[in-house]
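J.: Fold the following, please.
(one chain, ligands or ions: 1)
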Amino acid sequence: MNSGRDNYPELRDAVRELCTRFDSAYWQKIDEQRIYPEAFVEALTKAGWMSALIPEEYGGSGLSLTEATVIMEEVSRSGGNPGSCHGQMYNMNTLLRHGSAEQKKKYLPKIATGELRLQAMGVTEPGAGTDTTKIKTMAVRKGDRYVVNGQKVWTSRLQHSELMILLARTTSLAEVKKKSEGMSIFLVDTKSKGIDARRIRNMVNHETNSVFIDNLEIPAENLIGEEGKGFRYILDGLNAERILIAAECIGDGYWFIEKSTKYANERVVFDRPIGQNQGIQFPIAEAYMEIEAANLMRYKAAALFDQKKQCGAEANMAKHLCAKASWEAANVCLQTHGGFGFAAEYDVERKFRETRLYLVAPISTNLILSYVAEHVLGLPRSF
Ligand SMILES: Cc1cc2nc3c(=O)[nH]c(=O)nc-3n(C[C@H](O)[C@H](O)[C@H](O)COP(=O)(O)OP(=O)(O)OC[C@H]3O[C@@H](n4cnc5c(N)ncnc54)[C@H](O)[C@@H]3O)c2cc1C
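T.: Predicted coordinates:
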């Protein structure tokens, strides 16, 4: 099945070719042992795909976000888990769009070669949850540095990244006029003193941590953009994250459809392929249509982002529709496989777990629905 692959054929072929070196056995082992797919991320970096968004002048390939989404889509469509490395793609945007010329010159070439990884982003806190403006992590300016204290949760890939984008309050909530003001973002060396990361064992093989920050010192030149405007910058980055994850869900969705179709054609029960039964065919067809439709919104959102136009609504809608569509396809795929869907060797149960994450992270369903209700439809603010 080649649906959804009618653009960027060379890019797709190159990424696909790399992914064939990391087969189902590789991902099963990584998942079973709960380890980081180091060899895969290394290969992706060496091939230049992890620096896709870095401009050529800094040693990257200068691709658009749309092209970056194609890379991530092909990874998930190959059966791999792009959650292990997608952080670099969207964190990169924060640095590219809001970083200073010195910061770009200092970090981007090293990120492009793979000497440094920018895979981690610390936004979520245990006490604030989705209500980001309530974060308590505080960065206080002391001479030429900021001293940071606080706690983050679900900070992914921190153990496998030299750099992290960190959101902290530089002015307390009580002192700001608007609650979205007074937060700043910093580029942090993850090996600094004052960072204690503890892994959270979770449903997917997604390396993620509770992070305790105790008198962490950050050089003042590592502040990204203007002090106090960090929330706006983070939102910009989150749009890129949502669009990239939408594309990963599309990759998952096609993977589930291909896997379902193949199995439905091959598996014979009651002397006929199960796919001959409409009870098996129709859910697969329905899930396929949902993937195709959601994919249109993914491209619309990515195009708006690349044109530097407002894309908050489209990025949210794309992530929501694509995550829903891939989750429906996951359920159909599991059902089509019957008992074998639960056997690890078929990969279905692993991909089922992996794609489920995207209805919760990086933003959960209800929050997207309330964004659309309020900001697109003009309904009253509910919180
Ligand atoms: C594997 C994994 C990796 C992650 N990686 C990162 C990372 O690298 N960096 C990072 O900063 N964060 C990360 N996160 C955090 C993730 O973004 C959050 O878990 C997610 O945004 C939901 O926030 P929460 O868990 O605090 O849920 P809460 O905010 O506690 O919400 C719980 C539930 O209540 C619902 N809810 C809350 N308020 C309302 C309301 N007013 N109306 C209706 N429903 C409401 C939510 O939709 C949700 O379903 C990760 C999470 C996971 C699970």
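
J.: All the strands of the stretch 151-300 of the chain, in order from the start?
T.: In the stretch 151-300 of the chain, the strands defined using DSSP state E, counting those that start in this stretch lie at 163-169, 183-189, 195-199, 208-219, 223-224, 268-269, 272-273.

J.: how much space is there between residue 252 and the ligand?
T.: Separation of residue 252 from the ligand (Cβ to the nearest ligand atom, to the nearest Å) stands at 15 Å. From N, CA and C alone the C-beta is placed, and that goes for glycine too.

J.: now residue 114
T.: For residue 114, the distance to the ligand - Cβ to the nearest ligand atom - is 20 Å.

J.: now swap in residue 307 and tell me
T.: 27 Å.

J.: What does that residue show for phi and psi?
T.: Dihedral pair for residue 307: phi -90, psi 10, per degrees, to the nearest 10.

J.: on that earlier part again, and among the strands of the stretch 151-300 of the chain, the most buried is which?
T.: Of all the strands of the stretch 151-300 of the chain, strand 163-169 carries the top mean neighbour count, a mean of 26, counting by mean count of other Cβ atoms under 10 Å.

J.: Tell me the residue of the chain that sits nearest the ligand?
T.: The nearest approach of the chain to the ligand comes at residue 129, 2.7 Å away (Cβ to the nearest ligand atom).

J.: Next, the closest residue to residue 162 other than its chain neighbours: secondary structure please.
T.: Closest residue to residue 162 apart from its sequence neighbours, by Cβ to Cβ, 6 or more residues apart in numbering: residue 116 at 4.5 Å. With DSSP: H, G, I helix; E, B strand; the rest coil as the basis, residue 116 sits in coil.

J.: What about residue 116, how many residues nearby?
T.: Burial measure for residue 116: 18 neighbouring residues, criterion other Cβ atoms under 10 Å.

J.: Contacts for the lowest-mean-pLDDT helix or strand in the chain, please.
T.: Lowest mean confidence among the helices and strands of the chain (mean pLDDT, DSSP states H and E): helix 86-98, at a mean of 90. Residues outside helix 86-98 that contact it (Cβ atoms under 8 Å, 6 or more residues apart in numbering): 50, 52-55, 65, 68, 71-72, 103-104, 107-108, 111, 117-121, 156-157, 161, 163, 165, 185, 187, 224-225, 233-234, 236-238, 240-241, 244-245, 248.

J.: all strands of the stretch 1-150 of the chain, in order?
T.: Per DSSP E, counting those that start in this stretch, the stretch 1-150 of the chain carries strands over the ranges 120-122, 138-142, 145-156.

J.: do the first one and the ligand meet?
T.: Yes - Strand 120-122 comes into contact with the ligand when judged by Cβ under 6 Å from any ligand atom, the residues involved being 121, 122.

J.: got a list of contacts for that strand?
T.: With contact meaning Cβ under 8 Å, 6+ apart, strand 120-122 is reached by 87, 90-91, 137, 152, 155-158, 161, 163-167, 188, 190, 211, 237.

J.: buried residues in stretch 223-235?
T.: Neighbour-count burial for stretch 223-235, counted by 16 or more other Cβ atoms under 10 Å, picks out 223, 224, 225, 227, 228, 229, 230, 231, 233, 234.
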